[in-house]
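*Asks:* kindly generate the corresponding structure for this input.
(3 chains)
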Amino acid sequence: MSKETIPEVNSFVEECVKTHGRFLIPILQDIQSEYNYLSEDSMRIVSEKLDIPLRDVYGVASFYQAFSFTPKGKHIIIVCLGTACHVRGGAAIADALSRELNIKPGETSQDSMFTLETVNCLGCCAIGPIVVMDGEYHGQMNASKAVKLVQSIKKRCSDG
Amino acid sequence: MPKVTIDGIGFDAPKGWTVLEAARFLGITIPTLCYHEGLSIWGGCRLCIVEIGAGGKTKLVTSCSYPVEEGLVVKTATQRVIHARKVILELLIAQCPTSKKLQDLAAKMGLGRVRFKPKWEKCIYCGLCVRMCEEQMMASAIGSVNRGNKLKITTPFDKTSEACRRCGGCMYICPACTVRCEGPSPENVLCGRCENSMQPTCLDVYDHYTCWMGLKGDCGTCVQEDLDKKCEAKDKEEAK
Amino acid sequence: MVKLKSGEQLDKYCEDILKKARKVPMIAISSGTCGQARGSLKLIEAFQDAVKEIKGEVEIKITGCHGFCEAEPNVIVFPDEIFYRNLKPENAKKIVQATLKGEVVSEFVHKEGGKDFVYLRDIPFYKKQMRIVLGHNPKIDPVNIEDYIAFGGYNSLAKALHRRPEEIIDEIKRSGIRGRGGAGFPTGRKWEIAGSQKGDVKYFICNADEGDPGAYMDRSLLEGNPHLVMEGMIIGAYATGATEGWIYVRNEYPLAVKHVTMAIEKATELGLLGDNILGSGYNFRIKIVRGAGAFVCGEETALIRSIEGKRGESRQRPPFPAVKGLFGKPTNINNVETLANIPKIIEKGSLWFSGIGTETSKGTKIFSLVGKAKNTGLVEVPMGITINEIVHDIGGGSPDGKAIKAIQSGGPSGGCIPRELFDLPVDYESLANAGAIMGSGGMIVMDEGTCMVDIARYFTNFLREESCGKCVPCREGTQRMFEILEDISAGKAQEESIEILEELGSVMKDTSLCGLGQTSSNPVRSTLRYFKEEYLAHIKKKECPAGVCKEFIRFSIDPQKCIGCGLCLKNCPQGAITGELKKPHSILPKQCIKCGICMDVCKFNAVFKKV
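*Replies:* Down below sits the predicted model:
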């Protein structure tokens, strides 16, 4: 992850504009990927470099679920809430993780360790319900297995 | 010049006109909310819907955005249209009961009840302020943020905007905050005290409003005789 | 790499590939996203190690999804097509050795109804399918263009470039193929309109924003056989006179994005894409653009706005995208599966294609059969097959004995079809008349344990979050419908709620701006049509017959089955379970939040739901 000083963000955004031209969404996707969120500064710089109103950058960024305005946590947990996963009990998993981490879906825990997200379908319906932990897919989960998975990561982190 | 037929009136409309422009030219009233002549077309409030097509294949489209085309048949006030407009208005009033414009429209259309819990919001997301700010005032200081049930209209980051010149254009054009209605009755959130109107009875007998008075909201009498005759005939049938 | 400058050079290239091919048994390992989610990467390593150790030759091929997702990770051994399922890395050695000897390892074959099914063609899941689009997935390494060419890939493109565009459009029209993305608009007619537009810039977009929860056939095609989709796209672009192409892929499909990116590179290197394709003088480039997490961007006008860098709000039509689309230019948009059918239609002709399916719905359709069925996965069947055949013959029926109640077809824009109507043939019109839609092909099986009010609530919740928010009926309508359904689910609704739902639903259908809004009331309307008694049970009797809605169920422990191990007590997040070790435990109803964790962990089936 790059540093976040204004000159550094400035040169990063310049590179993005060179790569993508005037296409706003790929530029925002690269910034989100690099910094784990879209800061106010980065959006102001994009608005300046593309010469479009700040309102447009902010309005677009807030529309799409892929962008977040606060930094994500160290571990990202995604619970699939697609129909097949729902029919197999997906909602209970999201509730259980919400309780375990004390945050609502879309939020990051106070210690910035975990971000809980829900997604509307990952396309792995046959092996649902699915939980993705840091990019690793876990199939046929239930509420208790999901909680244990999170607890094992918490333990691993505190053990060092 | 494409020939269109609106409420039975044939008209050679100039190419590029919308159905709304053609209807207004003919003196036909169609309620609007998010439409404004000086601003681009939004088509979001859906109040200006009309029924187009003929036979079994008709559909509802927004007259503010539908272009005139050769052979187009339009009906501006059928049962289907009026019913849909009422439900949409019901949803809008439940959102923002304090808008005088909405309350007046409700009274005019004879909306009798609102079945949804009022949200008491100040905004109806018609987008007039956004377009005013961008197109007339050239500032683009405010815009739509988020989507769906989380939609709101605000400045970037909810902070004071450098692009905003405090011109007041957004307040001027807003149908919700320009004049506030102070009188919605608690039970059904409707007021109706500014506009006194009788509910037209055309639609009880006919498929669509039969005269221009229907949409002005003070009619019903010419149809009463017909209605009485129909009820008499029905009673006679049942007595047999 | 030398660019191919003609169909003849392509033929020669193909011949050379076939000559080089090793005539040895091949083990194809299914490794799409769902295979990887079940551990296929470790399995691949194990197979590669096993092959290194043996004396003899066996080829390992890493392919995309084989379709039988319930059986992941699985492999198919060629040439006989022996199917081994649910494998672990330690099984690799045994299979490699058996393959060398020409033997079968019966412990890993598919077993159903007490019988062993060794060969893919006999397995009930595959038997009734007609895999003309998905058929090559198990034999192709998606990152190797030569595999695709070896099976005649890009031959249809070569043929098409020698024909006039109008001829191709005519062929597609005669085939009767209809859009596979949901609306079912005749593809030939769409191309005809696009082809007739004049302009020196025309766009051709492949819509891979597969947003329907439960549908993933497009993902499987792009991951497993990207060149098939691209070939269809280039043919379509040529036929409609397009100058630039875009593939709009969902953000949530990273593997698909990777494979398509590689496919574009390889095809361009070989002269099958880019300038002067196969020496024909036709130029066409394809760019990839990723979605950013918005279901509404599957709708054409919203998709276009998304590429333009705007909020994904739909706009009114006319003007249609074919006339005025991306950046104001004529734009044609087709779904992934539609395009994947094109090369075969050009190869075998429209007469062949129109011979499959029904009068109004030609060809095959890929369904993602998921939910409460034994054999779940991607199923490609001829149009006109009955729902019964799909759910029972192919899907194997219920996995746990609970009676199947209905299927949901077409995602959030679709509706449910009760089991009484399972004899319906699957085609656009029959499904629409029954109150559902074909949609992109998501088919979700539901059983007695599924509450239809909960399903309606689930879809309505999805739609109110995904609505772009521009028009009142969709934005406010989905929100109010959701509130009413929540009330019904929680026992707070009156009987007039049903009337309000029906009225609101019909206005949303009539007046919403785009397809999302117009179909957003379908889940509610179709569940009301067939399962009104469930709604009434929630409202009048304050009961949830399926045992799902929390307000109406109580978790309880059966003292006959409980041995007092204490596992539930330990795992309860609310401390709502009491009991002494080795004595039957009990749940305190006031503290219980009905999360179901006790039921998950109990090894003795002692926890049950009281309805």
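*Asks:* and B:Glu21, how far is that from chain A?
*Replies:* Distance of B:Glu21 to chain A, computed by CB to the nearest CB, to the nearest Å: 29 Å. From N, CA and C alone the C-beta is placed, and that goes for glycine too.
*Asks:* and for C:Ile27?
*Replies:* Counting by CB to the nearest CB - C:Ile27 and chain A are separated by 22 Å.
*Asks:* please apply the same query to C:Thr360.
*Replies:* Taken as CB to the nearest CB, the span from C:Thr360 to chain A is 27 Å.
*Asks:* how much space between C:Leu528 and chain A?
*Replies:* On the measure of CB to the nearest CB, C:Leu528 and chain A end up 18 Å apart.
*Asks:* list the contacts of that residue.
*Replies:* C:Ala456, C:Ile498, C:Leu501, C:Glu502, C:Tyr535 (CB atoms under 8 Å, 6 or more residues apart in numbering or on different chains).
*Asks:* same check on C:Cys568?
*Replies:* C:Ile557, C:Ile577, C:His585, C:Ile597, C:Cys598, C:Val601, C:Cys602, C:Val607.
*Asks:* before we move on, back to that, of the contacts of C:Leu528, which is the most crowded?
*Replies:* C:Ala456 (29 neighbours; other CB atoms under 10 Å in any protein chain shown).
*Asks:* hmm, C:Val524 and that residue touching each other?
*Replies:* Yes: C:Ala456 lies in contact with C:Val524 (CB atoms under 8 Å); the separation is 4.8 Å.
*Asks:* shared neighbours of those two, which are they?
*Replies:* Counting by CB under 8 Å, 6+ apart, the common neighbours of C:Ala456 and C:Val524 are C:Leu485.
*Asks:* re earlier: which ones, among the contacts of C:Cys568, also lie beside chain A?
*Replies:* C:Ile597, C:Val601 (CB under 8 Å from any CB of the partner chain).
*Asks:* now intersect the contacts of C:Cys568 with the helices, please.
*Replies:* When the contacts of C:Cys568 are checked against helices (DSSP state H), the matches are C:Ile597, C:Cys598, C:Val601.
*Asks:* and these as a markdown table, adding neighbour count?
*Replies:* Output for the ones in helices among the contacts of C:Cys568, formatted as a markdown table (neighbours: other CB atoms under 10 Å in any protein chain shown):
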| residue | neighbour count |
| --- | --- |
| C:Ile597 | 26 |
| C:Cys598 | 27 |
| C:Val601 | 19 |
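*Asks:* dump the residues you listed to TSV, plus distance to C:Pro418.
*Replies:* Shown next, in TSV, are these (distance: CB to CB, whole Å):
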residue	distance to C:Pro418
C:Ile597	32
C:Cys598	33
C:Val601	34
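*Asks:* so which residues on chain A come close to chain B?
*Replies:* Taking CB under 8 Å from any CB as the contact definition, chain A meets chain B at A:Glu40, A:Met43, A:Pro53, A:Leu54, A:Arg55, A:Asp56, A:Val57, A:Tyr58, A:Gly59, A:Ser62, A:Phe63.
*Asks:* what's the farthest-apart pair in the contacts of C:Leu528?
*Replies:* C:Ala456 and C:Glu502 (12.3 Å; CB to CB).
*Asks:* get me the contact residues on chain B for chain A.
*Replies:* B:134, B:140-147, B:155-157, B:161, B:163.
*Asks:* got a quick PyMOL command for the buried subset of these?
*Replies:* In PyMOL, a selection of the buried entries from the residues of chain B next to chain A looks like this (16 or more other CB atoms under 10 Å in any protein chain shown):
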select buried, chain B and resi 134+140+141+142+143+144+145+147+155+156+161+163
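*Asks:* pLDDT below threshold where in chain B?
*Replies:* B:184-188, B:196-205, B:209-227 (pLDDT under 70).
*Asks:* what ranges do the strands span in it?
*Replies:* B:3-6, B:9-12, B:49-52, B:59-62, B:72-75, B:143-145, B:152-154 (DSSP state E).
*Asks:* restricting to C-alpha, output the fourth one in PDB.
*Replies:* By that I understand strand B:59-62. What follows is strand B:59-62, C-alpha atoms only, in PDB (Å, rounded to 0.1, in the frame of the first residue of the first chain):
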ATOM      1  CA  LYS B  59     -48.500   1.000 -22.200                       C
ATOM      2  CA  LEU B  60     -47.800   3.900 -19.800                       C
ATOM      3  CA  VAL B  61     -45.000   6.300 -20.700                       C
ATOM      4  CA  THR B  62     -43.800   9.600 -19.300                       C
END
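*Asks:* and the gap between C:Arg475 and C:Cys544?
*Replies:* Between C:Arg475 and C:Cys544 the computed distance is 29 Å (CB to CB, to the nearest Å).
*Asks:* ignore what I typed, I meant B:Ala54.
*Replies:* 47 Å.
*Asks:* okay, these two: which has more neighbours?
*Replies:* Comparing B:Ala54 with C:Cys544 by other CB under 10 Å, the one with more neighbours is C:Cys544, at 23 against 12.
*Asks:* pull the contacting residues for the more buried one.
*Replies:* C:Cys451, C:Val453, C:Asp454, C:Ser489, C:Ala537, C:His538, C:Glu551, C:Phe552, C:Ile553, C:Val611.
*Asks:* just the buried members of these?
*Replies:* Buried, going by 16+ other CB under 10 Å: C:Cys451, C:Val453, C:Asp454, C:Ser489, C:Ala537, C:His538, C:Phe552, C:Ile553, out of the contacts of C:Cys544.
*Asks:* not counting its neighbours along the chain, what's nearest C:Gly195?
*Replies:* Computed as CB to CB, 6 or more residues apart in numbering or on different chains, the closest residue to C:Gly195 that is not its neighbour in sequence is C:Thr240, at 4.5 Å.
*Asks:* my read: that neighbour touches C:Lys202, true?
*Replies:* Yes: with contact defined as CB under 8 Å, C:Thr240 reaches C:Lys202; the gap is 6.9 Å.
*Asks:* shared neighbours of those two, anything?
*Replies:* Contact with both C:Thr240 and C:Lys202 is made by residues C:Ala194, C:Asn332, according to CB under 8 Å, 6+ apart.
*Asks:* of the two, who's got more company?
*Replies:* The neighbour comparison of C:Thr240 against C:Lys202 (other CB under 10 Å) goes to C:Thr240, with 26 against 23.
*Asks:* for stretch B:28-47, measure first residue to last.
*Replies:* Stretch B:28-47 has an end-to-end distance of 15 Å (CA to CA, to the nearest Å).
*Asks:* hang on, the earlier thing: from the buried ones among the contacts of C:Cys544, which single one is nearest chain A?
*Replies:* Distances from chain A to the buried ones among the contacts of C:Cys544, taken as CB to the nearest CB, are shortest for C:Asp454 (8.6 Å).
*Asks:* which helix in the chain runs the most residues?
*Replies:* Assuming you mean chain A. Longest helix in chain A, counting by DSSP H: helix A:143-159.
*Asks:* nope, chain C
*Replies:* helix C:472-489.
*Asks:* same for that one, what does it pack against?
*Replies:* helix B:79-95, helix C:452-466, helix C:496-511, helix C:515-519, helix C:522-536 (3 or more CB pairs under 8 Å, 6 or more residues apart in numbering or on different chains; DSSP states H and E).
*Asks:* how about the strands in chain A?
*Replies:* Using DSSP E, the strands of chain A run over A:75-80, A:114-119, A:131-133, A:136-138.
*Asks:* dump these to JSON lines, plus mean neighbour count and mean pLDDT.
*Replies:* Below are the strands of chain A laid out as JSON lines (neighbours: other CB atoms under 10 Å in any protein chain shown; pLDDT from 0 to 100):
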{"stretch": "strand A:75-80", "mean neighbour count": "22", "mean pLDDT": "92"}
{"stretch": "strand A:114-119", "mean neighbour count": "22", "mean pLDDT": "91"}
{"stretch": "strand A:131-133", "mean neighbour count": "21", "mean pLDDT": "92"}
{"stretch": "strand A:136-138", "mean neighbour count": "16", "mean pLDDT": "87"}
